[in-house]
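A.B. asks: Need coordinates for the following:
(one chain, ligands or ions: 2)
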Amino acid sequence: MALSLRKGAQGLARQLLPAACWGAQAAGTEAQHSLSGPSKQQQRGMAKMSHSEATNTFIVEALEHLEYPKRLRKLLLTPEREVAVELALLRDNGEVATFNAYRVQHDNSRGPYKGGLRFHPQVDLDDVRSLASLMTWKTAVMDIPFGGAKGGVTVDPKDLSERELEILTRKLVQALRPILGTYEDIPAPDMNTGAREMAWIFDEYTKFSGFSPGIVTGKPVWLHGSLGREAATGRGTVFAIRELLKAQGLGDIRNKSFVIQGFGNVGSWAAQILYEQGGRVVAVSDAYGAVANEHGLEIPELRAHLAANHNLASFPGGVVMPPENLLSVPCDVLIPAAIGGVITEDNANDLQCKIVAEAANGPTTPDADHILRQRGITVLPDIYTNGGGVSCSFFEWVQNLQNFKWTEEEVNAKLERVMVEAFQAIWELHTEDKIPLRTAAFVKALQRVTRARVHRGFD
Ligand SMILES: NC(=O)C1=CN([C@@H]2O[C@H](COP(=O)(O)OP(=O)(O)OC[C@H]3O[C@@H](n4cnc5c(N)ncnc54)[C@H](O)[C@@H]3O)[C@@H](O)[C@H]2O)C=CC1
Ligand SMILES: O=C(O)CCC(=O)C(=O)O
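C.D. replies: Ligands and ions are numbered 1, 2, ... in the order given. Got it, this is the predicted structure:
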């Protein structure tokens with residue numbers, strides 16, 4: 001039976017929460033912006049909302065349906081630990097360069113902190129704080145026994161040699177070692193990191209702590225990684241879209257049209273699997289260009305072309321197009337699979353799709369989300385849509401703890417099951433309580449995290 005929201009959920013919360021939770025609001029200074037979404041100034045449109053304010057806006061919206069006490073809100077909205085370090089690197093040219101790096105541990109009520117590491121020039125503490133929070137809600141929506149964390153280094157990896165990148169990654173592990181651990185905090189890949197970086201992390205941590213394959217996920221398959229992990233986020237995105245199309249009575253993937261922003265790990269695997277299932281991927285972009293073909297791009301050829309030429313737009317099987325026009329290409333499903341904050345109030349009215357499937361983290365701002373709702377465009381939220389990645393990371397971790405290896409078929413079958421079950425849970429809330437899928441996902445996650453936190457107690 002689904003929990004009815006507002007009154008019903010509040011009743012549940014009161015039963016579960018120690019009396020102290022219901023007292024006066026906790027004393028202390030709460031930064032208003034981080035606890036309640038946008039400030040008044042931002043609501044008047046005078047300043048851009050930060051990533052963490054945007055994430056908190058969505059959480060606060062879901063909390064309105066749960067009516068938890070204010071002091072619990074603070075606990076749920078603010079991270080448990082934020083670590084900022086400076087990494088010094090002796091460059092190949094003999095100069096010393098420094099890089100800012102962060103790890104934010106948002107919540108571990110349901111299990112060890114879990115989340116990726118991003119290497120990107122736009123990484124800052126606020127960005128990582130927002131991504132860490134999303135991880136808490138994502139692991140809860142997927143119902144896997146992890147909490148949420150995220151890390152990042154403010155660096156453009158293209159500016160470094162492979163040797164420099166390896167040293168920087170190892171220095172990051174040295175700096176974060178006190179807060180990492182197989183049962184404490186387990187990193188994974190995110191933008192501009194992959195199996196190569198995870199192998200360095202595994203090796204560096206193992207030097208200090210002994211054989212620890214479970215310290216990091218997304219490792220190479222020949223070095224304690226899991227079969228299926230590399231494709232898992234893209235594959236999970238396709239399962240998510242399949243379930244939504246089915247639930248909305250719109251048929252299946254075959255002959256539907258897709259536009260994908262970002263053609264890295266997530267975007268290119270989603271494209272490949274959609275292609276294999278008969279979907280038409282009509283336009284894709286990356287940070288450097290975009291290419292379109294209204295009849296559908298030959299994705300295997302496009303991937304081979306990109307690997308050989310490092311230039312998506314020069315693919316002969318399509319026409320080059322300005323990447324800034326990509327989001328408004330007509331399609332059934334638009335898949336943002338790159339950076340956050342790309343669908344904004346400035347372009348939300350230009351979208352010409354029926355569904356936005358958020359494979360990226362935080363691609364839609366709260367204002368844009370509102371516009372999409374008004375326009376009747378369904379948004380499959382990030383904390384569900386891209387949850388296949390961390391779910392498969394959980395499978396990798398379990399295999400590492402057992403020193404065992406599952407087949408790719410086993411992994412993909414388990415991935416399908418978690419994606420289907422998570423969809424059913426949020427679809428039920430969405431239809432019964434008539435709330436958007438994003439709100440339903442946050443409500444479900446908040447219920448699960450709160451229940452775990454309360455039953456563990458506060459001592
Ligand atoms: N790798 C994973 O398992 C997971 C990744 N995600 C999210 O998916 C998104 C993509 O991650 P990955 O594919 O791993 O990263 P990646 O580094 O493999 O690929 C990123 C892609 O986005 C493109 N890109 C960057 N800026 C762009 C822009 N302004 N416009 C268009 N394209 C742009 C890059 O050129 C590249 O093609 C991120 O938001 C990440 O947080 C979410 C869950 C798991
Ligand atoms: O695989 C993981 O542990 C986390 C992946 C990630 O960073 C994400 O889901 O955003």
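A.B. asks: For this structure, which residues are neighbours of ligand 1?
C.D. replies: Within the chain, the residues that sit near ligand 1 (CB under 6 Å from any ligand atom) are 189-192, 233, 261-267, 285-287, 323, 337-339, 359-361, 386, 389. C-beta coordinates here come from the backbone N, C-alpha and C atoms, glycine included.
A.B. asks: Please work out which residue of the stretch 51-200 of the chain is closest to ligand 2.
C.D. replies: As assessed by CB to the nearest ligand atom, ligand 2 sits closest to G116 within the stretch 51-200 of the chain, at 2.6 Å.
A.B. asks: same question, the stretch 201-350 of the chain
C.D. replies: T217 (5.4 Å).
A.B. asks: Now do the same contact list for that residue.
C.D. replies: With contact taken as CB atoms under 8 Å, 6 or more residues apart in numbering, T217 is in contact with 186-188, 198, 225-226, 229, 392-394, 396-397, 400.
A.B. asks: what number of residues lie near the residue of the stretch 51-200 of the chain closest to ligand 2?
C.D. replies: 25 (other CB atoms under 10 Å).
A.B. asks: how near is the closest residue in space to it that isn't next to it in sequence to R177?
C.D. replies: Of all residues not flanking G116 in the chain, D190 sits nearest, at 3.1 Å (CB to CB, 6 or more residues apart in numbering). Distance, D190 to R177, by CB to CB, to the nearest Å: 20 Å.
A.B. asks: Who has more neighbours out of the two?
C.D. replies: Neighbour count, other CB under 10 Å: between D190 and R177, D190 has more, with 25 against 15.
A.B. asks: That one touches K150, doesn't it?
C.D. replies: Yes - the pair D190 and K150 qualifies as a contact (CB atoms under 8 Å) at a distance of 7.3 Å.
A.B. asks: shared neighbours of those two, anything?
C.D. replies: In contact with both D190 and K150: 115-118, 131, using CB under 8 Å, 6+ apart.
A.B. asks: quick one, strands of the stretch 151-300 of the chain?
C.D. replies: 185-186, 257-261, 280-285, 290-292 (DSSP state E, counting those that start in this stretch).
A.B. asks: In CSV: those, plus mean neighbour count and mean pLDDT.
C.D. replies: Shown next, in CSV, are the strands of the stretch 151-300 of the chain (neighbours: other CB atoms under 10 Å; pLDDT from 0 to 100):
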stretch, mean neighbour count, mean pLDDT
strand 185-186, 25, 98
strand 257-261, 26, 99
strand 280-285, 26, 98
strand 290-292, 23, 98
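A.B. asks: can I get these in JSON lines with distance to S161?
C.D. replies: Putting the strands of the stretch 151-300 of the chain into JSON lines (distance: least, CB to CB, whole Å) gives the following:
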{"stretch": "strand 185-186", "distance to S161": "28"}
{"stretch": "strand 257-261", "distance to S161": "29"}
{"stretch": "strand 280-285", "distance to S161": "27"}
{"stretch": "strand 290-292", "distance to S161": "29"}
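A.B. asks: What is the burial count for the residue of the chain found nearest ligand 1?
C.D. replies: For the chain, the residue closest to ligand 1 is G264, as judged by CB to the nearest ligand atom, at 1.7 Å. Neighbours of G264 under the rule other CB under 10 Å: 16.
A.B. asks: Good, we can wrap up now.
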